[in-house]
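Chemist: Next input, structure requested:
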Amino acid sequence: MKLMILGGGSCQVNAINKAKEFGHEVIVADYLDNPPGREIADTFVKASTFDYGRCLEEAKKFNINGVMTLGTDQPVLTCAKVSEELGLPFCIDVETAVNVTNKSKMKQIFEKNNIPTANFRFISKNFMEEELSNLNPPFVIKPIDSQGQRGVYKLNTIEEIKTDIDSVLTFSRANIALIEEYYESDEITVSGWVYNKKLKILTITDRNTFSSGKHIGICKSHVFPSKYYDKYYKEIHDISERITTAFDIENGPIYYQLLIGNRGIIVNEIAARIGGAYEDIFIPIITGVDFLDFLIKSSLGEKIDISKIENYDIDKNKEFLKVIMLFAKPGLINKMTDINEIVSMNGVLAAGYNYKAGDILGDIQDARLRVGYVVIKGDNKVNLDENIDRVFSKLKIYNEHNENILLDLEN
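Modeler: Numbering: from 1, shown residues only. Okay, the predicted model is just below:
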């Protein structure tokens, strides 16, 4: 069958390979000229995954049997619209896709269903200060329809909001931005699969982030199990089920981002997709539930075997794993450790680079400056830490002055 995958980046490569292993013809759409997925796809189409019209045009041209995405937010809506127009299967309908990709709709549903979230307002470019009178600084400003932390800033004053709102709106197709009260907190992510409106949580991870100036929430690692699991699992499960019901998610993957601070758990944002921290690689390994397999089959209208989901019990999962996002100082990449050397190391499940020698790195502002990633497993917490230390003793990224510019954000 012919499967269109929206996105050809490193987060989609595993899915492209898996779909081809199943014998499907894979058409990849991406706005870049040479994304990693281009080399392995059967057919490559240069098209923005945000552009419904172009993606629909190509879907018709190739007479596809299904369309899917993963690891990226906004193309979920494009997939739903293309599927609806062509009468193809998809996990969620267009209305649900809008609600999980547009923060204006999302926040309204949170509010309507008493799902805890940060205090918020929506403002336009020429907002009045009184519109924010009930919000306490510092503030977080976000585009309502972007992804990868693009245009997400932590600001201290209304004057700073006035200065930066134009910049924020360049990452949006809308003319309003979301303003939230900043909540001092740690972040966790909930990944799972919904079948017949029933949610099964597969993993709960600590999503560790860092800031670069006003740019906040940039993910540096995911850790399983979460340090908050024992204390908060029941509440996390309850909130996750309420989200699933409120957004009428009937089938497919979910990815919920929650914040835990001194006021307890609140919901940051949600998505109806597989996460962008290589969950498609590590979740099947540590849970035995191959939800990437489910996604591919569901997108083509094939039946999935849910017995492994039904038999899975997160409470009995004793695995230890960390996904580390690699970042580096600005400058020219002169040479890098051969990635095959890293992949062959004990405990390493997967690793890859998003940049190559000769590329120039700018200042870190969002997830687009990830140099690469490493997925590492251990027999226990101590062994996991040992494996991580060994990887970083070998992994180097050098500039033209033979200086290692790889950032160690974990210590």
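Chemist: Which strand runs longest in the protein?
Modeler: strand 198-212 (DSSP state E).
Chemist: ok, then the element right after it?
Modeler: strand 215-224 (DSSP states H and E).
Chemist: Tell me which other helices or strands that following strand touches.
Modeler: strand 153-155, strand 198-212, strand 320-326 (3 or more CB pairs under 8 Å, 6 or more residues apart in numbering; DSSP states H and E). Just so you know, the C-beta spots here come from the backbone N, C-alpha and C atoms, and that holds for glycine as well.
Chemist: looking at those, which is buried most?
Modeler: Using mean count of other CB atoms under 10 Å, the stretch among the helices and strands packed on strand 215-224 with the largest mean neighbour count is strand 320-326, at a mean of 23.
Chemist: In terms of secondary structure, what does it contact?
Modeler: strand 215-224, helix 279-287, strand 372-378, helix 381-394.
Chemist: Partner strands of the very next helix or strand once past it and their direction?
Modeler: Downstream of strand 320-326, the next assigned helix or strand under DSSP H and E is strand 331-332. When sheet partners are counted by DSSP bridges, strand 331-332 sits next to strand 360-361 (antiparallel).
Chemist: for the partner strand, what is the average pLDDT?
Modeler: Average pLDDT, strand 360-361: 96.
Chemist: which other residues reach that strand?
Modeler: 328-333, 355, 369, 371, 405 (CB atoms under 8 Å, 6 or more residues apart in numbering).
Chemist: Ok, stretch 104-121 next?
Modeler: Under CB under 8 Å, 6+ apart, the answer for stretch 104-121 is 98-100, 122, 131-132, 134-136, 140, 144, 174, 176, 178-183, 239, 242-243, 245-247, 259, 264-270.
Chemist: Let's see that with 6 Å instead.
Modeler: Applying CB atoms under 6 Å, 6 or more residues apart in numbering, the external contacts of stretch 104-121 come out as 98-99, 122, 131-132, 135, 144, 179-181, 183, 242, 246, 266-267.
Chemist: What of stretch 52-63?
Modeler: 2, 4, 27, 29, 45, 47, 78, 81-82, 85.
Chemist: And those residues, which of them are buried?
Modeler: 2, 4, 27, 29, 45, 47, 78, 81-82 (16 or more other CB atoms under 10 Å).
Chemist: Most widely separated two among the contacts of strand 360-361?
Modeler: Within those, 332 and 369 form the most distant pair, 14.4 Å apart (CB to CB).
Chemist: out of the two, which sits in the more crowded spot?
Modeler: Neighbour count, other CB atoms under 10 Å: between residue 332 and residue 369, residue 369 has more, with 21 against 14.
Chemist: Now do that one against residue 283, distance only.
Modeler: Using CB to CB, to the nearest Å, residue 369 is found at 25 Å from residue 283.
Chemist: Residue 90 now?
Modeler: Taking CB to CB, one finds residue 90 at 21 Å from residue 283.
Chemist: And residue 334, by the same measure?
Modeler: Distance from residue 334 to residue 283, counting by CB to CB: 35 Å.
Chemist: Kindly report the same for residue 255.
Modeler: 11 Å.
Chemist: Between these two, tell me which one has more neighbours.
Modeler: Between residue 255 and residue 283, counted using other CB under 10 Å, the more crowded position is residue 283 (25 against 22).
Chemist: contacting residues around the more buried one?
Modeler: 202-203.
Chemist: Report pLDDT for it.
Modeler: For residue 283, the model assigns a pLDDT of 98.
Chemist: please begin residue numbering at 16 from this point
Modeler: Done: numbering now begins at 16, and the last item shifts to residue 298.
Chemist: Would you confirm that residue 205 belongs to a strand?
Modeler: Yes. Applying DSSP: H, G, I helix; E, B strand; the rest coil, one finds residue 205 inside a strand.
Chemist: Enumerate every residue touching the closest residue to it other than its chain neighbours.
Modeler: In space, and not counting its chain neighbours, residue 205 is closest to residue 271: 4.2 Å by CB to CB, 6 or more residues apart in numbering. Shown in contact with residue 271 (CB under 6 Å, 6+ apart): 205, 255, 258, 285.
Chemist: Could you identify which of these has the most neighbours?
Modeler: residue 285 leads the contacts of residue 271 on contacts (other CB under 10 Å) with 27 neighbours.
Chemist: I'd like the next helix or strand past the longest helix seen in the chain.
Modeler: The single longest helix within the chain, with elements called by DSSP state H, is helix 244-261. Once the chain leaves helix 244-261, the next helix or strand it forms, by DSSP H and E, is strand 267-276.
Chemist: Look up which helix or strand the residue nearest the centre of the chain falls in, please.
Modeler: Nearest to the geometric centre of the chain sits residue 291, at 3.2 Å (CA atoms, centre = their mean). Under the criterion DSSP H and E, no helix or strand holds residue 291.
Chemist: Name the helix or strand for the residue nearest to it when sequence neighbours are not counted, please.
Modeler: Distances taken as CB to CB, 6+ apart place residue 86 nearest to residue 291, at 3.9 Å, with adjacent residues excluded. According to DSSP H and E, residue 86 maps onto no helix or strand at all.
Chemist: Check the one 5 residues further on too.
Modeler: For residue 91, the element it lies in under DSSP H and E is helix 90-101.
Chemist: Residues contacting the longest strand of the chain, please?
Modeler: Contacts of strand 213-227 (CB under 6 Å, 6+ apart): 202-208, 232-239, 241-242, 244, 256, 259, 298, 302, 304, 324, 329, 379, 424.
Chemist: so where's the protein uncertain?
Modeler: The model of the chain has pLDDT under 70 over residues 162-163, 426.
Chemist: Outline the domain layout of the chain.
Modeler: Per the record, the chain has its domains at 17-105, 134-196, 200-332, 336-413, by automatic domain parsing.
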